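> Mind looking at a prediction? Sequence and model below.
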Amino acid sequence: MACFAAVPWIAGTASAVSTHVSSSPTSTFAPTSTPAQSVFSLSLFVLAINVGIFVVVFSLLAYTILKFRQKAADCEHEPPQVYGSAQIELAWTVIQLLIVLVLFLATVRVIAVVQNAAKPRSAMEITAVGHQFWWEFRYPGLNVVTANEMHVPVSDPEHPTPTFLTLLSADTDHSFWVPRLAGKTDLIPNHPNQMWIDPHETGLYLGQCAQYCGIQHAKMLLRVYVQTRPEFDRWIEQQRQLARATDAASQGKVVFETSPCLGCHRVAGLAGNGEYGPDLTHLMSRDTIASGAAPNTSENLHNWIRDPSSIKPGATMPALQLSDKQIDAVVAYLETLR
């Protein structure tokens, strides 16, 4: 399906570059999914054309400078005046049109390959909803809802398991971008969008919102965990379980239920069904809080509840004016949500 298959030398170059580039979690030069590989190969093709243009133009310029540089004898009379050449003007116009046409067709091919990919029966379906300033991930049919950290199974080339995402926005424009997995795709209010990935390697892939959406746009981060199928199935099974608070955390549970927390957040098994903030049913299964702005530790949870702006200035979550004792109790309760 890769669009670079029709250009063998581009495919070979892409493979070579990908092999030697550091596997940074956000590197566009180390694609591990077909859509990202298609974009990367197109960028190499465009780069090759631009290098070719540069070489030709620079060579002609250097030749002209050396060939027709001024000599002492030339100062005595005016050089021949040339007022244009229809052949040269026609040539550079046609050549530029052909270059633009080639780039246009190559780009259209990539867009068509990525957007018109068929969805196999084995595909995983996820709905991603962009909020100010966090991500919600829903797994239709699996009864799982999580936030900011998306888990998907690896796609074995012999048994493809691509992940198809439906992209929605709860407020303003956002853009879903995980550089090593796919190009940027916008989330527009009241206009569902789609994209897909088929990661070929397990691991952690980082991304973020790529469309300015407000004061905390830069900290609207996301993490994609690509797992083997057994690991992914275990994660799904864990997410389906109801969280059970221990006796030691019962006080924190009471504070959580009687404070505005339950109006914004959902915890499976509790009476509230808040959807304004992330689902917290399995909060401690996540590595980060505040959409990747801070590691998920007791200290950061305490600071986040006490004053969200200390971690994420401009966050829509309010400071609830709880006492330190109440916050400690809530943190103890949240730490049981695994």
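Ah, there it is.
> wait, is residue 267 part of a helix?
No: looking at residue 267 with DSSP: H, G, I helix; E, B strand; the rest coil, it is coil, so not inside a helix.
> can you count the residues close to it?
25 (other Cβ atoms under 10 Å). The C-beta positions use only the backbone N, C-alpha and C, and glycine is treated the same way.
> Report the contact partners of residue 326.
Residue 326 makes contact with 255, 259, according to Cβ atoms under 8 Å, 6 or more residues apart in numbering.
> got a pLDDT number for it?
Here, the pLDDT recorded for residue 326 equals 90.
> Report all helices and strands that the longest helix that the chain contains contacts.
Longest helix in the chain, counting residues (DSSP state H): helix 34-67. If contacts are counted by 3 or more Cβ pairs under 8 Å, 6 or more residues apart in numbering; DSSP states H and E, helix 34-67 sits against helix 8-20, helix 86-115, strand 193-197.
> Could I get the full set of strands for the protein?
Assigned strands in the chain, in chain order: 124-131, 134-139, 144-147, 149-153, 163-169, 174-177, 185-187, 193-197, 203-209, 221-227, 288-289, 294-295 (criterion: DSSP state E).
> Give me whichever of those is most buried.
Most buried of these, by mean neighbour count (mean count of other Cβ atoms under 10 Å): strand 174-177, with a mean of 25.
> nearest to residue 117, of the strands of the chain?
strand 193-197 (6.0 Å; Cβ to Cβ).
> Tell me what angle the closest one forms with strand 203-209.
160 degrees (axes from the mean of the first three to the mean of the last three Cα atoms, to 10 degrees).
> What average pLDDT does strand 193-197 get?
On average, strand 193-197 scores 95.
> residues in contact with it?
33-36, 114-115, 117, 119, 123, 152, 162-168, 176, 178, 181-182, 185-187, 224.
> Run the angle between that strand and strand 221-227 for me.
Strand 193-197 runs at 40 degrees relative to strand 221-227, counting by the same axes, to 10 degrees.
> So what's the gap between strand 193-197 and the chain middle?
For strand 193-197, the separation from the chain centroid amounts to 11 Å (computed by Cα atoms, centre = their mean, to the nearest Å).
> what angle sits between it and strand 163-169?
Using the same axes, to 10 degrees: strand 193-197 against strand 163-169 is 150 degrees.
> Extract the C-alpha trace of strand 193-197 and format it as PDB.
The C-alpha trace of strand 193-197 is given here as PDB (Å, rounded to 0.1, in the frame of the first residue of the first chain):
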ATOM      1  CA  ASN A 193     -12.500  13.300  10.700                       C
ATOM      2  CA  GLN A 194     -10.600  10.000  10.200                       C
ATOM      3  CA  MET A 195      -7.100   8.700  10.100                       C
ATOM      4  CA  TRP A 196      -5.300   5.400  10.600                       C
ATOM      5  CA  ILE A 197      -2.000   3.900  11.700                       C
END
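> Contact partners for residue 189?
Going by Cβ under 8 Å, 6+ apart, the list of residues near residue 189 reads 169, 170, 171, 172, 173.
> Mind checking which of the residues you listed are buried?
Neighbour-count burial (16 or more other Cβ atoms under 10 Å) is assigned, among those, to 169, 172.
> right, and the pair among the contacts of residue 189 with maximum separation?
Every pair of those checked by Cβ to Cβ; the farthest is 170 and 173, at 11.4 Å.
> Can you pull out the low-pLDDT segments for this structure?
Confidence mapping of the chain against pLDDT under 70 gives the ranges 1-24, 72-76, 79, 243-248.
> and the residue nearest to residue 141 when sequence neighbours are not counted, what does it touch?
Closest residue to residue 141 apart from its sequence neighbours, by Cβ to Cβ, 6 or more residues apart in numbering: residue 125 at 7.3 Å. Residue 125 makes contact with 139, 140, 141, 163, 164, 165, 166, according to Cβ under 8 Å, 6+ apart.
> cool, and residue 211?
Applying Cβ under 8 Å, 6+ apart, the residues near residue 211 are 173, 174, 175, 184, 186, 187, 217.
> Pipe the contacts of residue 125 into TSV and attach distance to residue 83 per row.
Below are the contacts of residue 125 laid out as TSV (distance: Cβ to Cβ, whole Å):
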residue	distance to residue 83
139	70
140	70
141	73
163	62
164	61
165	59
166	61
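> what two of the residues you listed have the greatest distance between them?
So, these by Cβ to Cβ: farthest apart are 141 and 165, at 14.5 Å.
> Pop the domain breakdown of this structure in here.
Here the domain parsing of the chain from automatic domain parsing is 3-71+84-115, 124-240, 247-334.
> Can you give the distance of the second one from its chain's centre?
Read it as domain 124-240. The answer for domain 124-240 is 8 Å, by Cα atoms, centre = their mean.
> Between the two ends of it, how far is it?
17 Å (Cα to Cα, to the nearest Å).
> buried stuff in the longest helix of the chain?
Within helix 34-67, the residues that count as buried by 16+ other Cβ under 10 Å are 34, 35, 36, 37, 38, 39, 40, 41, 42, 44, 45.
> now the residues you listed as TSV including distance to residue 203?
Converted to TSV, the buried residues of helix 34-67 look like this (distance: Cβ to Cβ, whole Å):
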residue	distance to residue 203
34	17
35	17
36	14
37	16
38	20
39	19
40	17
41	21
42	24
44	23
45	27
